[in-house]
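Undergrad: Sequence and predicted structure, then a few things I'm wondering about:
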Amino acid sequence: MASIKLILRNDKLDQTGDAPLFMRIIKDRKTKFLSLGIKLKPSEWDEGKQRIKKNHDNSVRMNAFIAQKVSEAEGQVADMARSKKEVTARKLKDAIMGKAPQNYFEY
């Protein structure tokens, strides 16, 4: 089974001091990162709870958005694990992003 965790990339701070929020997918010790399109200050992120703190202006909406994205990703992981024999981190990332799997013969 794949694991999904939210990571605030403090090593990629921009000029305003904001860091991007990524969803990390790990399957068979292979890691893939998906950007959620959210930038936060490190003081606004609670790593233990995996949520945005109340000191952010739109914390309720942003936390609902994050929860929706994580649940969609977990649903895709469960669907792929149930339907396919071989599931890789790359295939999971493509499925979550909505890319259709490519077949060599169709290509």
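TA: Right, received. Where do you want to start? Numbering: from 1, shown residues only.

Undergrad: Quick one: residues contacting the residue nearest the centre of the chain.
TA: Geometric centre of the chain, nearest residue: residue 23, 2.1 Å, by C-alpha atoms, centre = their mean. Counting by C-beta atoms under 8 Å, 6 or more residues apart in numbering, residue 23 touches 4-7, 33-34, 36, 69-70, 73. For glycine as for every other residue, the C-beta is placed from the backbone atoms N, C-alpha and C.

Undergrad: Would you pull up how far the worst-scoring helix or strand of the chain on mean pLDDT lies from the middle of the chain?
TA: Ranked by mean pLDDT, DSSP states H and E, the weakest helix or strand in the chain is helix 89-97, scoring a mean of 76. Distance, stretch centre to chain centre, for helix 89-97: 10 Å (C-alpha atoms, centre = their mean, to the nearest Å).

Undergrad: ok, residues contacting it?
TA: By C-beta under 8 Å, 6+ apart, helix 89-97 touches 2, 25-28, 30-32, 34, 72-73, 76-77, 79-80, 84, 101.

Undergrad: That helix: which residues count as buried?
TA: 89, 91-96 (16 or more other C-beta atoms under 10 Å).

Undergrad: Output the below-cut-off pLDDT ranges for the protein.
TA: Along the chain, the parts satisfying pLDDT under 70 run over 84-85, 100-104, 106-107.

Undergrad: Let me see the ranges of the strands in it.
TA: Along the chain, the segments classed as strands by DSSP state E run 3-8, 19-27, 30-40, 45-46, 51-52.

Undergrad: Can you give me every residue that contacts the closest residue to residue 31 other than its chain neighbours?
TA: Leaving aside its chain neighbours, residue 31 sits nearest to residue 24 (6.2 Å; criterion: C-beta to C-beta, 6 or more residues apart in numbering). By C-beta under 8 Å, 6+ apart, the contact list for residue 24 reads 4-7, 31-34.

Undergrad: Please verify my assumption that residue 31 contacts residue 5.
TA: No. Assessed by C-beta atoms under 8 Å, residue 31 is found out of contact with residue 5, at 10.1 Å.
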